[in-house]
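Asks: I'll drop the sequence and a predicted model, then ask my questions.
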Amino acid sequence: MKKLITLIFISHFMIIFAQKNIKMYNERKGDTITFYVDNQEIYPVSLVFNGQPEINNLKKPELFKTIQVIPAKTVKQKVTYFVVTDKNKGWGIKKMPGYQSYMGDITIKNYDTQYVYDLPFGKGKALWIHQGYNGTFSHQNENSLDFIMPEGTEVLAAREGKVIDIVQSNNRSCPTRSCAPFGNYVSILHPDGTIAQYYHLEQNGVQVKLGESVTKGQFIAYSGNTGWSSGPHLHFNVYISSATADKNRITVKTLFKTGHGDKVQYLEEGKSYARGY
């Protein structure tokens, strides 16, 4: 009877938890069953479970955490374990909770709010902010910036980090939300856990690779006009991942070095900013 219960559980478990690049599995050693997860992604993944395990004749020596952050490229990260209470009785796991996975660490509370970003374009240029924070066109409740930028302009990394996501195959654009899925972009994970997105890039215009570490000021892509766009521009935002916020992210305001590097300020809609450094 013990063996039958265990086999039924394992089959059900693998169906619930099969997700791309995340593998959940269990191992039994003596009277202990331990659950592990492998994260093949190049970025941390947050798992949010929808409840507690339902168990029979098993005890949980430690609290089951409903939010667990799995580091990048991790093998055999322990999720939880159970120990048989009475060896003379049948035992099993009636139900393991399902979960949702999120890119990045959703538990981040303290990130560098005073970090000073470089403008994402080359020295000698001056560009306008067409739409700023909480803009009326597509930035409602978002701390995002739109730089008016001619197609084919070199986009530079505003901050150092690791390239964790790239889309560059699209060649469509229109001024309505229906074209939102067709935007090309690069996402870069910063050392403090925040993530920057550089959006509306030129088709096949990305100049970096997944997993690459980039330096501040490095040439990363050519700007374009793909996706939900009314004209050529670069959409830039920095966010922390969230399980509850809209689009599963909370965008944050970012300070920039402007002029000849002697000014530090938040950028505003309808103003032009020059890079002399």
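Replies: Received the coordinates, thanks.
Asks: what sits against the residue most central in space within the chain?
Replies: The residue lying closest to the centre of the chain (Cα atoms, centre = their mean) is residue 103, at 3.6 Å. Applying Cβ atoms under 8 Å, 6 or more residues apart in numbering, we find residue 103 in contact with 41, 43, 45, 46, 164, 165, 195, 241, 248. Bear in mind the C-beta positions are built from the backbone N, C-alpha and C, glycine included.
Asks: same thing but 10 Å
Replies: Taking Cβ atoms under 10 Å, 6 or more residues apart in numbering, we find residue 103 in contact with 41, 43-46, 164-165, 187, 189, 195, 241, 248-249.
Asks: And it, how far from residue 218?
Replies: Distance, residue 103 to residue 218, using Cβ to Cβ, to the nearest Å: 22 Å.
Asks: quick revisit: let me have the contacts of residue 103 in a markdown table, extended by distance to residue 213.
Replies: As requested, the contacts of residue 103 are exported to a markdown table (distance: Cβ to Cβ, whole Å):
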| residue | distance to residue 213 |
| --- | --- |
| 41 | 16 |
| 43 | 13 |
| 44 | 16 |
| 45 | 19 |
| 46 | 22 |
| 164 | 11 |
| 165 | 15 |
| 187 | 14 |
| 189 | 10 |
| 195 | 15 |
| 241 | 20 |
| 248 | 25 |
| 249 | 22 |
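Asks: any idea which of the residues you listed is closest to residue 154?
Replies: residue 187 (18.4 Å; Cβ to Cβ).
Asks: shouldn't the closest one be in contact with residue 199?
Replies: Yes - between residue 187 and residue 199 there is a contact at 9.4 Å, judged by Cβ atoms under 10 Å.
Asks: which neighbours do these two share?
Replies: Going by Cβ under 10 Å, 6+ apart, residues that sit against residue 187 and also against residue 199 are residue 167.
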